[in-house]
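Q: When you get a sec, could you give me coordinates for this:
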Amino acid sequence: MNSHSQKILVVDRDSDIRSVIDELLMDYGFEVHQAANSHEAFLQLRQRSYHALLCHVELLKSDEGRLHRLCREVHQRMRIVAMSASGAVELNGEADEKLAKPFSRAQLLDVLGRDYSDPD
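A: From the prediction side, this is the model:
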């Protein structure tokens, strides 16, 4: 991992999804942290800064949108990406982008704003 790595927080109840994202990003200079629920995400967001939050849409909207609000209050420049099994999910300002599952590495890197042709 290089000193320029961007930190990504992946929040999803499914550990397989979190692991796949970690594996997809490991060669591209990202430092991936994981949380299984919004409580774990709250703790991590208070401890460090992140370039992006990849979060299952239900968790992003749970607790009356507390996770979304905390992200915007604490990490105003952090990119928020809502992941969903349906690309037709309705977002009301909770996220900057949405990513329909299943997704490819190219799609994932595209929403994170990275060139997927040349890994770090």
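Q: what is residue 35 paired to in the beta sheet?
A: Beta bridges link residue 35 to residue 11 when assigned by DSSP bridges.
Q: So which residues of the chain form strands?
A: Taking DSSP state E, the strands of the chain run over residues 6-11, 30-35, 52-56, 79-84, 97-100.
Q: Serialize those strands to CSV and add fields for distance to residue 43 and mean pLDDT.
A: Yep, even glycine has a C-beta here, placed from its N, CA and C like the rest. Written out in CSV, the entries for the strands of the chain read as follows (distance: least, CB to CB, whole Å; pLDDT from 0 to 100):
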stretch, distance to residue 43, mean pLDDT
strand 6-11, 11, 94
strand 30-35, 8, 95
strand 52-56, 14, 93
strand 79-84, 18, 90
strand 97-100, 24, 88
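Q: any idea which of the ones you listed is most buried?
A: Scoring the strands of the chain by mean neighbour count under mean count of other CB atoms under 10 Å gives strand 52-56 as the most buried, with a mean of 25.
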